[in-house]
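Student: Kindly return the folded structure for what I paste below:
(one chain, ligands or ions: 2)
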Amino acid sequence: MEKLQETVKKIQPIDQQAVEKAAQRLDMLTKPQGSLGVLEDIVKQLAGITGNPIPRLGKKCVVIMAGDHGVVEEGVSAFPQEVTPQMVMNFLNGGAAINVLSRHAGADIVCCDIGVASDVKHPSLIIKKVRYGTANMAKGPAMSREEATRAIEVGIEVAEDKIKGGVNILATGEMGIGNTTPSSAILTVFGCPVEKVVGRGTGIDDKGLALKIKTIIKAIEVNDPDPSDPIDVLSKVGGLEIAGLAGVILAAAAHRIPIVIDGFISSAAALVASKIEPRSVQYMIASHVSEEPGHKMMLEMMRLYPMLHMKMRLGEGTGAALAFHIIDAATHIQSEMATFESAGVSRSSSR
Ligand SMILES: Cc1cc2ncn([C@H]3O[C@H](COP(=O)(O)O)[C@@H](O)[C@H]3O)c2cc1C
Ligand SMILES: O=C(O)c1cccnc1
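Tutor: Ligands and ions are numbered 1, 2, ... in the order given. Okay, here's the model as predicted:
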């Protein structure tokens, strides 16, 4: 609890002076003002986060949190639980979509077992298991308040370790069969109608979708989570990897590091982080909007603008890894473009 409180206390608003300076420089570059749209927004946000009006990306890292979900026994996923550890091994052996996209973006990956239901062994795996999967939230709380807090702190520890190692932009990724169910439950508790929130995840059919909605309604009825208490929500209807990612996000904000948010599950973690400390949103960059219907609503709740619409619905950090290219491009604009003065280009006559 202490670690979490310390981290939250460190989160300050971004540096508005640096945002201003970045905006002034963007307006001196050889283009009509604002014509590079979201690229300019990204430069200003990065400037505010880092305090540098000409921000540069250095070492990038995707943090993948892996955990299992007791609620899968209700039949809410199209895939069996053993896929979670199998995919963790796939990440560690370099064969998953996130490995390909991270390599392409020049980003490292770390994978942390924060709550896989079985033991996974690999020399590169970070093992910080809080428990062997959550309990079935349709029958009672997914985990205790202490476990949820510990899981957030695991996320903080993993992020801080990478930041100490020189990483200066982080992205969220996750693996956990069944995890679109707690993510949907979290969004429902925070005020969106359940039938608008719930999607097909890995590809359940109509019958599965109806069962998923019923299960989420039951979980909320049984647990009665308090929407004004984000850790209560996380412990009753959340997940270990979701809690861990909330910790990664809070740690990034506390250390003034940009945090690129991936898809639906990562955004559920971001929503929890935003409820714990609203200032953390200033450090978040929304990578894409996924096919899960609730994702758009989550981003709107945080007033985040997704840069990519790729019809993706995978998770793992894949959308965030793709977004690294765009963020990188934005920083090159600010550092490499000529100014009107240096290039001898005439300014607008209407100014
Ligand atoms: C092979 C495979 C690889 C994945 N990588 C991410 N997910 C994604 O799908 C899961 C969530 O969907 P649901 O709630 O329907 O189970 C999570 O593990 C998420 O990361 C995968 C799912 C599968 C099957
Ligand atoms: O949007 C996501 O991140 C997502 C959607 C479906 C399944 N897994 C992840």
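
Student: okay, whichever residue of the chain sits closest to ligand 2: pLDDT?
Tutor: Residue nearest to ligand 2 within the chain: residue 263 (2.2 Å; C-beta to the nearest ligand atom). For glycine as for every other residue, the C-beta is placed from the backbone atoms N, C-alpha and C. Looking at residue 263, its pLDDT stands at 98.

Student: Hmm, it is touching residue 295, no?
Tutor: Yes. Contact status for residue 263 versus residue 295: in contact at 6.3 Å, counting by C-beta atoms under 8 Å.

Student: hang on, the earlier thing: residues in contact with the residue of the chain closest to ligand 2?
Tutor: 288, 290, 292, 295, 312-315, 318-319 (C-beta atoms under 8 Å, 6 or more residues apart in numbering).

Student: Now do the same contact list for the residue nearest to residue 304 when sequence neighbours are not counted.
Tutor: Spatially, and ignoring its direct neighbours in sequence, residue 304 is nearest to residue 286 (3.9 Å; C-beta to C-beta, 6 or more residues apart in numbering). The contact partners of residue 286, by C-beta under 8 Å, 6+ apart, come to 261, 267, 299, 302, 304-307.

Student: The helix or strand of the chain with the lowest mean pLDDT and ligand 2 in contact?
Tutor: Lowest by mean pLDDT, DSSP states H and E among the helices and strands of the chain is helix 194-197, with a mean of 95. No. For helix 194-197, no contact with ligand 2 is found by C-beta under 6 Å from any ligand atom; the gap never falls below 12.4 Å.

Student: Using PDB, write out every CA atom in that helix.
Tutor: Taking Å, rounded to 0.1, in the frame of the first residue of the first chain, the C-alpha atoms of helix 194-197 are listed here in PDB:
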ATOM      1  CA  VAL A 194     -23.600  -3.700 -20.000                       C
ATOM      2  CA  GLU A 195     -25.200  -4.700 -23.300                       C
ATOM      3  CA  LYS A 196     -23.300  -1.800 -25.100                       C
ATOM      4  CA  VAL A 197     -20.000  -2.700 -23.500                       C
END
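
Student: Which residue is the nearest non-sequential neighbour of the closest residue to ligand 1 within the chain?
Tutor: Nearest to ligand 1 in the chain, going by C-beta to the nearest ligand atom, is residue 201, at a distance of 2.3 Å. Leaving aside its chain neighbours, residue 201 sits nearest to residue 180 (3.7 Å; criterion: C-beta to C-beta, 6+ apart).

Student: Phi, psi for the one you found please.
Tutor: Dihedral angles of residue 180 (phi, psi; degrees, to the nearest 10) stand at phi -70, psi -20.

Student: Surely it and residue 197 touch.
Tutor: No. Using C-beta under 8 Å, residue 180 makes no contact with residue 197, being 9.9 Å away.

Student: if we can go back for a sec, can you narrow the contacts of residue 263 to ones near ligand 1?
Tutor: 314-315.

Student: quick one: which of the contacts of residue 263 is most hemmed in?
Tutor: residue 319 (32 neighbours; other C-beta atoms under 10 Å).

Student: Can you give me the buried ones in stretch 120-140?
Tutor: Buried residues in stretch 120-140, counted by 16 or more other C-beta atoms under 10 Å: 120, 125-126, 128-131, 133-138.

Student: Now do it: distance to the chain's middle.
Tutor: 19 Å (C-alpha atoms, centre = their mean, to the nearest Å).

Student: Can you show me the CA trace of that stretch as CSV?
Tutor: What follows is stretch 120-140, C-alpha atoms only, in CSV (Å, rounded to 0.1, in the frame of the first residue of the first chain):
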residue,chain,number,x,y,z
VAL,A,120,5.5,-21.2,-16.3
LYS,A,121,9.3,-21.6,-16.5
HIS,A,122,11.6,-19.6,-18.7
PRO,A,123,14.8,-17.7,-17.9
SER,A,124,13.5,-14.4,-19.3
LEU,A,125,10.1,-14.6,-17.5
ILE,A,126,9.6,-12.2,-14.6
ILE,A,127,7.8,-14.2,-12.0
LYS,A,128,5.9,-12.1,-9.5
LYS,A,129,2.8,-14.2,-9.0
VAL,A,130,0.3,-12.7,-6.7
ARG,A,131,-2.0,-15.7,-6.8
TYR,A,132,-2.7,-18.6,-9.2
GLY,A,133,-5.5,-16.9,-11.2
THR,A,134,-8.4,-15.0,-9.8
ALA,A,135,-11.5,-16.6,-8.3
ASN,A,136,-14.7,-16.8,-10.3
MET,A,137,-16.2,-13.3,-9.9
ALA,A,138,-19.7,-14.6,-10.7
LYS,A,139,-19.6,-16.3,-7.3
GLY,A,140,-17.6,-13.8,-5.1
